[in-house]
Each structure stands twice: as C-alpha cells, then as structure tokens.
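Peer 1: this one's sequence-less:
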Ligand code: 4AD
Ligand code: MG
C-alpha cells in the first residue's frame, strides 16, 4: 500500500491506495473520484472501458465518504485539482457510506460544530490540524535545542495560578480542587532541579466571555528558567516565535495555501520585535480615541487596535502590578509596574504569549500574596521555594491555539483545536 505523501516516488507506477472519496463527478462512461488518504489528495479517474462494466457500476454507487481501495497508475496532471491523478484499474469498496450530512452546500457554524467529529475531515480543517502538529513539534525542537527539559505539571491543583475568577472547581474525594490554569508555579519548583524547564499540556479557564479568542480548555506551553531576567526572557520568546514561523513556512506551504493564508507578513517576521511599554500603549489608545484610563487592562478590542497596524509581533511590557498576577517582579525603576510582557501577534490577533520575571525574594512574595488576598497556606510550598537557594528567574506561557489562529489566519479560535470547548459547548 502506498501513501499520497510519497507520491513523487511512485510517478508513473501502479500503486494501491486506501482512503476515502470526498467528492464525485461523473460524465457518461467516466467517473472522477476526489480521494484522500489522510496524507494527501488525488483525483482518481475511472473509465468504464478500462475497469469493465461490473466495477464501473459499483463505482457509480459510491457515495461521499465511502472508504475504498484503489489500484492504478499515478501520474502528474496539471489539470487535476491536486496536480496528480490515478488512472484506476480496480476499485474495491470497503464501506459504502450512508448519506453524509456534510454535503457540498454551505453550513452554518452551529451545524458544523455539532458535527465536529465529521467536519474535521474537510481539507481546510485537516490543513489547520497539520499546521498544529508542525507547531507542536517545532516548539519541542526549539526548546530542546535551547536546553529546556520537558517536565509536566499536574492538572488537578489546590490553588489558582492566574486568579480565581476563571477556576474550574472539581470535587476531589470531598475536598475542593481546581483544574490547572497554567503549570507555571510547578515549573518554578522544577528549575531548582533542572535549570531550564517547560511543560506542554491542556489548561482550563472558566471564561465566561464568548469571544473569538477564548477557549475553556486549551493547550499551553509554559517555559521557566533559572537566572533568566526580563530582557533575556523576551529574547527567548521572540526567537521561539521566529523559529515557529520559519518552520511553518518551510513545512506547511500546501496547508497555508489550502487556507488561503496571505504569507507575506509571515515571511517578513524578523526579530528583534518592536516593543512599547504599557504606558505608551495607553497613550496610543487614548490618542485613537479609546476610552481607557491608566491602570485598566486591555481587552480583545484594545489589543486588536494596538496590533492591527504592526507587521511584526509587538511586545507590550511593564504593566501596572494591580492588573497582573501576584508573582510578578516589580520594576526596580517604578514599583507600581511589573517586569512582564505580553506578546501580541500582528494583524490584530492579540496576545499569544504572556510572560514575566518572578518575585524571588521571600518577604516580598509573602507581602504580595497577602495584598492579593490569597490564603498563604495554599501557597506555602511555593513561598518556601524562596528559602532554599532562591534565584532570579523568569518564564512565559504560549497559548497554542492563539498561535495557530494567527499563523493560519483563521477567524475563530475554535477551528484551531480538534474538539473545542467554549462557554456554550463541550460536545462532541
Ligand atoms: O497570559 P496568561 O494568562 O499567562 C499565564 O498563564 C502564565 N502563568 C504563563 C507563564 O508565565 N508561564 O496565559 C498565557 C497564554 C496567553 O498569552 C494566551 O495566548 C493563552 O495563554 N490564553 C488562552 N488561549 C485560549 N483561550 C483562553 N481562554 C486563553 N487564556 C490565555
Ligand atoms: Mg496574559
């Protein structure tokens, strides 16, 4: 059996393919089957004269999504939608599909999401998922090459990492527990053992807002490194983003084409990325007539305005401490600010990475935990890390689906994950 990803190898040879028919056109004594095998696409030409009456009559009964085994010669054909054709010598039906609900006509998002288990078969969805795979591989490669060790954080946790408003509570044998919002706090413990670490897994946020950018379950890559401070932390982020863009362009040109992604901007991405401070961002927004005051956080709209005109990812650094998490290191030049950064994707896609230097002084962290009204007991282990060889350290978290949404240029984050969970949906 051959796979379409290797088709060049089989040029003008007879091969056997197994897969699915996703479109059918017939005219008299010729049938054109659009066929996929999960690794690629091809048009299969079936002629009555060549396969004989018996097989041809069976082929005529083939319905959308019928699984088949096809044998014949494969050859490049400019006129074929996929550049290659097979001239069939034999077709066997593996399972004749029932009437497929996702026909050729346009469907609304609700119908498609209800049928997500089928919708993922479409070339567009498959292209997004292939790019997802490439980005995940590339994140792992980049970090491994930089000396980061993969080490996973738990999903069931006793405390919040990113504020209590978006916690999913679960019943842990009669005790309250929460689904993890980010593995960061655990990674901070692991740097003392492994130096540079990262995790990569699902995280959960009970986001009550219905937007194009929020999922309630998404994949996050948290990275954390001992002795790294704010500047170097941002450098790692921009090098990572640059690498991911290059790898996607290099390996996923077919997929980007299926998605009609304009790759001009992607091709021009190059560090160092521009940066502005929170204070400057407020000024820019106010000049544009946005009603926002110093000390308020940016929502999706403000982020979109800030990143719309940028052709590069844009760092916004040094936010007010009051709107960021308790663990962020104060800016030595202005104690009201913290040494953090949000990295916004260009073209209005908004935040893809959030990072910061962490407080490493025991007393300061203790004070902050109190100021943020977090019960100290719940974080005693985390605080204790600052007692045994504490060091300056920093880290960041990349939201995988946010990143994919930008790279693929899709409108809504729900298409960036195989089975999206949002405020109103957790099926199928
Ligand atoms: O900015 P966030 O909240 O940062 C943290 O969780 C830190 N603990 C990470 C760290 O420093 N290790 O989340 C990180 C990223 C965001 O930049 C965004 O890309 C993504 O996670 N994100 C979401 N993606 C999809 N749906 C949501 N509801 C998201 N919330 C955050
Ligand atoms: Mg953030």
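Peer 2: Good, I have the coordinates. What you see is a predicted model; the values in this text were computed from it and never measured. Ligands and ions are numbered 1, 2, ... in the order given.

Peer 1: Can you name the next helix or strand after the top strand by length along the chain?
Peer 2: Ranked by number of residues, the top strand in the chain under DSSP state E is strand 13-27. Past strand 13-27, further along toward the C-terminus, the next helix or strand under DSSP states H and E is strand 30-36.

Peer 1: got the angle between that next one and strand 13-27?
Peer 2: Strand 30-36 runs at 120 degrees relative to strand 13-27, counting by axes from the mean of the first three to the mean of the last three C-alpha atoms, to 10 degrees.

Peer 1: Which of the residues in strand 30-36 are classified as buried?
Peer 2: Buried positions in strand 30-36, judged by neighbour count with 16 or more other C-beta atoms under 10 Å: 31-36. In short, each C-beta sits where N, CA and C put it, glycine included.

Peer 1: could you give the mean pLDDT of stretch 133-150?
Peer 2: Here stretch 133-150 scores 98 as its mean pLDDT.

Peer 1: can you tell if it touches ligand 1?
Peer 2: No: applying C-beta under 6 Å from any ligand atom, one finds stretch 133-150 out of contact with ligand 1, separated by at least 12.5 Å.

Peer 1: Run the chain-centre distance for that stretch.
Peer 2: Its chain's C-alpha centre and that of stretch 133-150 lie 14 Å apart, by C-alpha atoms, centre = their mean, to the nearest Å.

Peer 1: ok, now stretch 10-19?
Peer 2: 34 Å.

Peer 1: what's that stretch in contact with?
Peer 2: Contacting residues not belonging to stretch 10-19 are listed as 1-4, 35-38, 42, 67-76, 86, 89, 94 [C-beta atoms under 8 Å, 6 or more residues apart in numbering].

Peer 1: Just the buried ones from the residues you listed?
Peer 2: Those of the contacts of stretch 10-19 that meet the buried threshold are 2-4, 35-37, 42, 68, 70-72, 74, 86, by 16+ other C-beta under 10 Å.

Peer 1: Helices along the stretch 51-200 of the chain, start to end?
Peer 2: Taking DSSP state H, counting those that start in this stretch as the criterion, the stretch 51-200 of the chain carries its helices at 109-114, 116-119, 123-145, 184-194.

Peer 1: And the longest one, what's buried?
Peer 2: Residues of helix 123-145 classed as buried under the neighbour-count rule (16+ other C-beta under 10 Å) are 123-132, 134-136, 138-139, 142-143.

Peer 1: which residues sit against the helix or strand hosting residue 45?
Peer 2: When elements are assigned from DSSP H and E, residue 45 belongs to strand 41-47. Strand 41-47 is contacted by residues 4, 7, 17, 29-36, 55-56, 59, 70, 72, 74, 77, 80-82, 84-88, 91, 123 when judged by C-beta under 8 Å, 6+ apart.

Peer 1: if we go to 7 Å?
Peer 2: Strand 41-47 is contacted by residues 4, 29-35, 56, 59, 70, 74, 80-82, 84-88, 91, 123 when judged by C-beta atoms under 7 Å, 6 or more residues apart in numbering.

Peer 1: Show me what counts as buried in that strand.
Peer 2: Quick answer for strand 41-47 (16+ other C-beta under 10 Å): 41-46.

Peer 1: any chance of those in a markdown table, with distance to ligand 1 and pLDDT too?
Peer 2: A markdown table is the format used below for the buried residues of strand 41-47 (distance: C-beta to the nearest ligand atom, whole Å; pLDDT from 0 to 100):
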| residue | distance to ligand 1 | pLDDT |
| --- | --- | --- |
| 41 | 31 | 97 |
| 42 | 36 | 98 |
| 43 | 38 | 97 |
| 44 | 40 | 98 |
| 45 | 44 | 97 |
| 46 | 45 | 98 |
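
Peer 1: quick one: pLDDT of residue 376?
Peer 2: With respect to pLDDT, residue 376 scores 93.
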